[in-house]
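In: My questions concern the predicted model and sequence given below.
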Amino acid sequence: MTQTAPITEANPTVEEMEARVARFRHLQPTDDYVDSGMPGCERTTLRVLGHRPGAPLAAEGFHMSLVQCEPGKAAPLHNHLTQEVFVALTGRWEVFWGPLGQRQLTLEPWDTVSVPPGVSRGFRNVGSETAWLMGMASGHEPGTINWPEQVRAAAASVGITLPRPTNGDIDMSAEKRIQALGLQLPVASAPAGNYAAAVQSGDLLFLSGKAPLPVDGQLPKGRLGQEYSAEDGYRLARSACLDLLAVVRRELGSLDRVARIVELHGSLNSVPAFEDHARVLDGASDLLVEVFGPAGGVHARSVVGVASLRKGVPLTVKATIEVKRT
């Protein structure tokens, strides 16, 4: 259930709030981005929110840094456990992604892009002047940066050794990822009729459909393309998927018993003209990749629009999961 912040008497002093201010003039460049020594990757990074003492402000739910690059300079392809957001503050930036960085888009000032977990990403100043970019990584602990082998080889060719994550970094469990992402699973909702929330047959766990979680005690109601936009739907699908994960944890005892997500299906209560079904179901797909990583979270899927759903909810999602053998 979505919680509402209570109105309290909290009233920090000016001194206490001043301690939570990062003055730009006091920020110091960090020297722990080893890849910034590679030719073409020189850049200045000012850490703002993160782990102290490297950052003046402690990370509570996300990390934030400011990056300055001269024209043509870049951050090479790299990866995090969690979502990363880039905001162009000045100039023009190219954000590239994929196994070889073969796909890209351009950001103008104040444009923002969100890169999902499991996708290698990098950025480059493609303007004619020195420019600033803001980067934010979600979660209390985004994990150790990792680089694809071609970036490691390029670094090695100029005498730079990029650290390799430990097995613990690479194989972070689903339960630890949930914690790192700052997610809290709800109490799994009860079935709405005469059926089971989950049935296991052999190594497969079949999950019944789940609607988005209630807000202030009320189930969301309405249609995609009418009461809800595609972006609303994305958030609603993510909410419904949290309930699916709660069922998995209840049935298996731990999300760490999931071998992989096999299939995801979405049913959208949508108007006939609605066409953004894929974007809506991405809300659930992205969450599954965040929690189980690319190896365990990427799945087959289908999504359809329907004329109506029980109690008027905007969507339901269901999944099939492979369970690890004990």
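Out: Arrived safely, thanks for sending. As the structure is a computational prediction, the values presented were derived from the model and not from experiment.
In: where does this protein have low pLDDT?
Out: Within the chain, the stretches with pLDDT under 70 are 1-3, 52-53, 140-143, 165-171, 180.
In: Residue most distant from the centroid, it?
Out: residue 194 (35.0 Å; CA atoms, centre = their mean).
In: you'd agree that one is in a helix?
Out: No. Counting by DSSP: H, G, I helix; E, B strand; the rest coil, one finds residue 194 to be coil, located in no helix.
In: quick one, phi/psi of the residue nearest to residue 38 when sequence neighbours are not counted?
Out: Ranked by CB to CB, 6 or more residues apart in numbering and with sequence neighbours excluded, the top spatial neighbour of residue 38 is residue 155, at 5.3 Å. Bear in mind the C-beta positions are built from the backbone N, C-alpha and C, glycine included. With angles defined as degrees, to the nearest 10, residue 155 sits at phi -70, psi -40.
In: and what of residue 250?
Out: Backbone geometry at residue 250, expressed as degrees, to the nearest 10, gives phi -70, psi -40.
In: any idea how far the spatially most central residue of the chain is from residue 325?
Out: Nearest to the geometric centre of the chain sits residue 83, at 3.2 Å (CA atoms, centre = their mean). Going from residue 83 to residue 325 by CB to CB, to the nearest Å gives 31 Å.
In: next one: residue 238
Out: Taking CB to CB, one finds residue 238 at 30 Å from residue 325.
In: Give the residue from those two that has the larger number of neighbours.
Out: More crowded of residue 238 and residue 325, by other CB atoms under 10 Å: residue 238, with 22 against 8.
In: My impression was that that one belongs to a helix - is that right?
Out: Yes. Under three-state DSSP, residue 238 sits within a helix.
In: and it, what is it in contact with?
Out: When contacts are counted by CB atoms under 8 Å, 6 or more residues apart in numbering, residue 238 touches 283-284, 286-287.
In: swap in residue 274?
Out: Here residue 274 is in contact with 223-225, 268, 305 (CB under 8 Å, 6+ apart).
In: re earlier: residue 84 versus the residue farthest from the centre of the chain, what's the distance?
Out: Separation of residue 194 from residue 84 (CB to CB): 44 Å.
In: ditto for residue 107
Out: 13 Å.
In: Same check on residue 251?
Out: 32 Å.
In: quick one, which of those two is more surrounded?
Out: Legend: neighbour count by other CB under 10 Å for residue 251 and residue 84, higher for residue 84 (24 against 18).
In: Go ahead and confirm the more buried one touches residue 135.
Out: Yes. Assessed by CB atoms under 8 Å, residue 84 is found in contact with residue 135 at 6.5 Å.
In: How many neighbouring residues does the nearest residue to residue 161 once chain neighbours are set aside have?
Out: In space, and not counting its chain neighbours, residue 161 is closest to residue 155: 7.0 Å by CB to CB, 6+ apart. For residue 155, the count of nearby residues is 20 (other CB under 10 Å).
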